[in-house]
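A.B. asks: Quick one, what's the 3D model for this:
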Amino acid sequence: MKSLTKEVFLIAAITAVGVAYSIFSGQAPAPWVEAELEAGEIRQVDARVLNPIWIDARSETDFDSAHVDGALLLNESNWDSGIFDLMGAWLGAPRPIVIYCASESCDTSKRIAERLRAELPDAEVYSLHGGWQP
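C.D. replies: The predicted structure is shown next:
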């Protein structure tokens, strides 16, 4: 029993040293620090305050299974039809536009946001940091 306690303590100590090194060397972010936003990104809590037009950049299948209430589907495969829906909503009452996809590693929302910024230069366009999970 004594050797088991020593082994557990040793493993815990090695793990703690590794975590501390990763955090203080900058190889891993500290868990208590929020990740920096890239240009054009917004956090979900901040986006909700804006009462934006939500754009779902995921696939039609994912959109059909679940999406933010009132969101419009606009991705690269349905751009021509989706842009008309967006224009109708935005021109009727201009407000910020927030595009989301499935996860932080998904770049689709960023690509759609860039394309919208080019086509609607007067619009306030953001991509949702971290993606949206139903």
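A.B. asks: any idea how far stretch 108-122 is from the chain center?
C.D. replies: Per CA atoms, centre = their mean, to the nearest Å, the displacement of stretch 108-122 from the mean C-alpha position of its chain is 15 Å.
A.B. asks: Next, the buried residues of it.
C.D. replies: Counting neighbours by 16 or more other CB atoms under 10 Å, one finds that the buried residues in stretch 108-122 are 108, 109, 110, 111, 112, 113, 115, 116, 117, 120. For every residue, glycine as well, the C-beta is placed using N, CA and C.
A.B. asks: Could you report the distance from the third one to residue 50?
C.D. replies: Taking CB to CB, to the nearest Å as the criterion, residue 110 is separated from residue 50 by 18 Å.
A.B. asks: The last one too?
C.D. replies: Residue 120 sits 16 Å away from residue 50, taking CB to CB as the criterion.
A.B. asks: picking that back up, right, and out of the buried residues of stretch 108-122, which lies closest to residue 43?
C.D. replies: Here the nearest of the buried residues of stretch 108-122 to residue 43, counting by CB to CB, is residue 109; it sits at 13.3 Å.
A.B. asks: helix or strand for the closest one, which one?
C.D. replies: Using DSSP states H and E, the element containing residue 109 is helix 108-119.
A.B. asks: What's the first helix or strand after that helix?
C.D. replies: Toward the C-terminus, helix 108-119 is succeeded by strand 125-128 as the next helix or strand (DSSP H and E).
A.B. asks: can you tell me the average pLDDT over that next one?
C.D. replies: Along strand 125-128, the predicted confidence averages to a pLDDT of 95.
A.B. asks: circling back: same question for the helix holding residue 109, mean pLDDT?
C.D. replies: With pLDDT averaged residue by residue, helix 108-119 scores 93.
A.B. asks: can you pull the contacts of the residue lying closest to residue 110 once chain neighbours are set aside?
C.D. replies: Distances taken as CB to CB, 6 or more residues apart in numbering place residue 127 nearest to residue 110, at 4.8 Å, with adjacent residues excluded. Residues near residue 127 by CB atoms under 8 Å, 6 or more residues apart in numbering: 40, 41, 42, 98, 99, 100, 109, 110, 112, 113.
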